[in-house]
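Novice: Need coordinates for the following:
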Amino acid sequence: MFSLSLSGQIVNVESLRMADDTSRWRFQNNFDLSLYKNTTSVLELENDMAIRYLSGKSTYIFLSSLHFNSSAEENFAQSGFFHLRRVRRFNEWFWTEGFVQFQTDRPLKIEARQLQGFGPRFRLGKTDKFSLYTGHLFMYEYDREQSTEIEHYDWRLSSYLSLDWDIGTSVSLTSVVYYQPRFEKFEDFRFNWNSQLAVKFNEHWAFTFESKVSYDTNPVIDPSIPNFTYKITNGIQVKF
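Specialist: Sure, this is the predicted structure:
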C-alpha cells in the first residue's frame with residue numbers, strides 16, 4: 001500500500017489529487033496490514049485517505065494518514081498527519097494553493113509539526129496522456145522534538161515539480177520532487193522524491209507500486225535518526 005512520505009515528513013499531495021475530472025466529490029482510500037519477522041516480529045497497520053470536493057473554481061482536498069507499528073522492542077509507535085488544502089483556478093495554467101497541516105512521527109522523534117503555506121501553482125505542459133506542474137509555496141513551520149522538547153519556528157520555501165503520465169490504458173505513473181529550504185539558511189533543506197506506478201484492474205481498483213527517497217540535512221537532535229531514508233511499498237488502491 002503506498003505511503004505518504006512520512007519518513008521525510010513531506011506529504012505527497014500530488015499522488016492524491018486524483019483524476020482531473022468534473023466529479024464534485026471524489027474519494028480514495030488505501031489500507032495495508034502487514035506482519036513480518038527479521039530480528040523480531042513486527043505488526044504494521046496503515047490507512048491513507050483522500051477526499052476531494054469541487055466548488056466553482058475552487059478545489060478542497062482533505063488528506064489523512066495513520067500508521068501504527070507494534071514490535072517486541074516497542075509496544076506501540078505511531079505516525080500520521082491531517083492535511084487540508086484549497087486550490088483556486090484562475091485559468092488553464094495558473095492556480096493558487098493554501099494549506100494547513102498537523103503531523104506527528106514518534107519513530108523519527110517528532111512530537112508535533114504544524115505547517116501553514118500559500119503560493120502559486122503552474123502548469124508547464126499537458127496532453128491527453130501527460131501533464132507537468134510546478135508549485136512554489138511560502139511555508140511557516142512549527143516543530144517540537146519528542147525527546148528534547150526543543151521547539152523550532154521557521155519559514156521555508158516549498159517547491160515541487162510534478163509529473164502525471166498515462167503510459168497505457170491501464171498503467172499510470174505519478175512522480176513528484178519536493179525541495180524545502182529555510183529562507184534564512186538555504187543549506188538547511190529537505191528533499192523528497194516520490195514515484196507511484198498504478199496498474200488498474202478496472203475503474204475503481206488498482207495495484208500500486210511506490211518508491212520514495214527522503215533527505216533532511218537537519219533532522220531532530222538524536223544520533224539514531226538518519227539524514228537519508230527510503231521506502232518501497234506496494235498494495236491495493238480503491239477510489240470512487
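Novice: pLDDT weak spots in the protein?
Specialist: Within the chain, the stretches with pLDDT under 70 are 1-22, 33-40, 72-77.
Novice: Can you list the buried residues in stretch 164-183?
Specialist: 164, 172, 174-182 (16 or more other C-beta atoms under 10 Å). C-betas here are computed from N, CA, C, even on glycine.
Novice: What is the most widely separated pair among these?
Specialist: In those, the most distant members under the criterion C-beta to C-beta are Ser172 and Arg182, with 34.4 Å between them.
Novice: just checking, which of the buried residues of stretch 164-183 belong to strands?
Specialist: Using DSSP state E, the subset of the buried residues of stretch 164-183 located in strands is 164, 172, 174-181.
Novice: Phe209 and Asn234 touch, don't they?
Specialist: Yes: using C-beta atoms under 8 Å, Phe209 makes contact with Asn234 at a distance of 4.5 Å.
Novice: Report the beta-bridge partners for the closest residue in space to Phe130 that isn't next to it in sequence.
Specialist: In this structure, Phe130 finds its nearest non-sequential neighbour in Trp165, 5.2 Å apart by C-beta to C-beta, 6 or more residues apart in numbering. Applying DSSP bridges to Trp165 gives these bridge partners: Phe130, Leu173.
Novice: export the ones in strands among the buried residues of stretch 164-183 to a markdown table and tack on distance to Gly119?
Specialist: Shown next, in a markdown table, are those (distance: C-beta to C-beta, whole Å):
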| residue | distance to Gly119 |
| --- | --- |
| Asp164 | 20 |
| Ser172 | 27 |
| Thr174 | 21 |
| Ser175 | 21 |
| Val176 | 16 |
| Val177 | 16 |
| Tyr178 | 13 |
| Tyr179 | 13 |
| Gln180 | 12 |
| Pro181 | 14 |
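Novice: can you tell me how far Phe130 sits from Ser162?
Specialist: Shown here: Phe130 relative to Ser162, a distance of 12 Å by C-beta to C-beta, to the nearest Å.
Novice: between the two, who's got more neighbours?
Specialist: Ser162 (23 against 13; other C-beta atoms under 10 Å).
Novice: so which helix or strand takes in that one?
Specialist: Assigned by DSSP states H and E, Ser162 falls within strand 151-166.
Novice: buried stuff in that strand?
Specialist: 156-164.
Novice: so what's the nearest residue to Phe228 once chain neighbours are set aside up against?
Specialist: In space, not counting the residues next to it along the chain, Phe228 is nearest to Tyr215; the distance is 5.2 Å by C-beta to C-beta, 6+ apart. Counting by C-beta atoms under 8 Å, 6 or more residues apart in numbering, Tyr215 touches 8, 190-192, 227-229.
Novice: what do you get if the cut-off is 7 Å, keeping everything else the same?
Specialist: 191, 227-228 (C-beta atoms under 7 Å, 6 or more residues apart in numbering).
Novice: Which parts of the chain are helices?
Specialist: Assigned by DSSP state H, the helices in the chain number zero.
Novice: which stretches of it form strands?
Specialist: Using DSSP E, strands in the chain cover 25-37, 41-55, 58-71, 77-89, 94-105, 110-126, 130-145, 151-166, 171-181, 189-200, 205-216, 228-239.
Novice: Sheet partners, orientation included, of the longest one?
Specialist: By that I understand strand 110-126. strand 94-105 (antiparallel), strand 130-145 (antiparallel).
Novice: how about the ones you listed in TSV, adding distance to Ala112?
Specialist: Output for those, formatted as TSV (distance: least, C-beta to C-beta, whole Å):
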stretch	distance to Ala112
strand 94-105	6
strand 130-145	5
